[in-house]
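A.B. asks: sequence plus predicted model, see below.
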Amino acid sequence: MSEVRYRSVKKAVFPVAGLGTRFLPATKDVPKEMMTLIDRPLIHHGVDEAVASGCTQIMFVTGQGKESIRRYFEPSEELVAALRERGKDDLAEKVDGIHKLAEFHYAYQQKPLGLGHAVLCAEEFCKGEFFGLILPDDVMAAKPTVLRQLEAVAEKYDSSVLCVEKVAESEVSRYGIVAAEEVEEGVYRVKGLVEKPRPADAPSNLAIMGRYLLSPSIFGCLKRIKRGAGGEYQLTDALSLLLEEEPLYALLYNGSRLDCGVKEGWIKATVVKALEDPKLRKIVIKAVKESGALL
């Protein structure tokens, strides 16, 4: 068992060192996390969720070609001043508020060796505390936030908690899948994990999504794993080791998810977000009608 008792999470880790190959050639010069979803980069949506969940310190695990992420969350004094000079005070406040969202930290992952390796890069930042892990490809809409929902379970069971969603049998090979026993409505005691199984081998249809609340014990487990699927260090393998040391729970979260990790999902997310805005909704509907498409 971990000697660290659960307490309210103040730190969130964002692994953003991936190559973004699904979006090439767009991501040749622009990190996938900096691709725009309506009026802000994808990464900003995740940071907003972390801040709304009570996180005050954020760690980006970056890699080669990700310098624009750091620049985005740094002060932009010249731009703010220029906007104010032009009487655009509202925009100036929005831009100036970005670097004030949280205290930002950075770790460098020399090679994209998998999610497990990326998380291990944040060990010093977490310093023996429970922490949130947010994968920005998944844009979550939930009240309270998904991380807050995970916290409620962690506080009750004093354990790490995974965010899960029920997926179709044909989709299980895209995700980490848990074998679990339901202990209360929507809350499961995890018994085992399998990374991207064939449908016939999947222990359930409970797929791990891009939100985790993890005990610091995960770092010792990450140091013990070997390269797994795809020649990478898989977080799922470390979670399997964690199960041998302490309880692990999963929460069937209440909310909706937009998968921006693939082009089809990113296009859908853009449309969904646009339809949520009254002004943009009119533009989208008009454009679809004018194109001759059926609503």
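C.D. replies: Perfect, I can see it now. Numbers count the residues shown, from 1 in each chain.

A.B. asks: can you give me the strands for the stretch 51-200 of the chain?
C.D. replies: Under the criterion DSSP state E, counting those that start in this stretch, the stretch 51-200 of the chain contains strands at 57-62, 103-108, 131-134, 138-141, 160-166, 176-184, 187-195.

A.B. asks: rebuild the ones you listed as CSV, extending it with distance to P247, mean neighbour count and mean pLDDT.
C.D. replies: From N, CA and C alone the C-beta is placed, and that goes for glycine too. Shown next, in CSV, are these (distance: least, Cβ to Cβ, whole Å; neighbours: other Cβ atoms under 10 Å; pLDDT from 0 to 100):
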stretch, distance to P247, mean neighbour count, mean pLDDT
strand 57-62, 25, 22, 95
strand 103-108, 28, 16, 94
strand 131-134, 18, 26, 96
strand 138-141, 24, 20, 88
strand 160-166, 8, 24, 95
strand 176-184, 10, 17, 92
strand 187-195, 7, 19, 92
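
A.B. asks: out of the ones you listed, which is closest to I208?
C.D. replies: Among the strands of the stretch 51-200 of the chain, the nearest to I208 by Cβ to Cβ is strand 176-184 (4.2 Å).

A.B. asks: what residues does the closest one touch?
C.D. replies: With Cβ atoms under 8 Å, 6 or more residues apart in numbering as the test, strand 176-184 has contacts from 162, 164, 188-197, 202-208, 235-236, 249-250.

A.B. asks: residue ranges with poor pLDDT in the stretch 101-250 of the chain?
C.D. replies: Residues of the stretch 101-250 of the chain meeting the criterion pLDDT under 70: 229.

A.B. asks: distance between the ends of stretch 187-201?
C.D. replies: With Cα to Cα, to the nearest Å as the measure, the first residue of stretch 187-201 is 23 Å from its last.

A.B. asks: any idea how far V272 is from E165?
C.D. replies: 17 Å (Cβ to Cβ, to the nearest Å).

A.B. asks: no, scratch that, I was asking about K32
C.D. replies: K32 sits 21 Å away from E165, going by Cβ to Cβ.

A.B. asks: what does E246 give?
C.D. replies: Remark: distance between E246 and E165 (Cβ to Cβ) = 24 Å.

A.B. asks: next one: Y188
C.D. replies: Between Y188 and E165 the computed distance is 12 Å (Cβ to Cβ).

A.B. asks: all the helices of the stretch 101-250 of the chain, residue numbers only.
C.D. replies: Per DSSP state H, counting those that start in this stretch, the stretch 101-250 of the chain carries helices over the ranges 115-120, 123-126, 146-157, 217-222, 235-242.

A.B. asks: of the ones you listed, which approaches F73 most closely?
C.D. replies: With Cβ to Cβ, the closest approach to F73 among these belongs to helix 123-126: 15.2 Å.

A.B. asks: contact partners of the closest one?
C.D. replies: The contact list for helix 123-126, computed with Cβ under 8 Å, 6+ apart, reads K11, V13, Q57, M59, H105, A107, P216, F219.

A.B. asks: in it, what's buried?
C.D. replies: E123, F125, C126 (16 or more other Cβ atoms under 10 Å).

A.B. asks: now swap in stretch 231-249 and tell me
C.D. replies: 232-243, 247-249.

A.B. asks: right, and out of the residues you listed, which lies closest to H45?
C.D. replies: Using Cβ to Cβ, the buried residues of stretch 231-249 come closest to H45 at L235, 21.6 Å.

A.B. asks: my guess is that closest one contacts L113. True?
C.D. replies: No - assessed by Cβ atoms under 8 Å, L235 is found out of contact with L113, at 11.6 Å.

A.B. asks: count of neighbours near the nearest residue to L242 once chain neighbours are set aside?
C.D. replies: Computed as Cβ to Cβ, 6 or more residues apart in numbering, the closest residue to L242 that is not its neighbour in sequence is C221, at 4.9 Å. Residues within reach of C221, counting by other Cβ atoms under 10 Å, total 22.

A.B. asks: since that was my last question, I'll sign off now.
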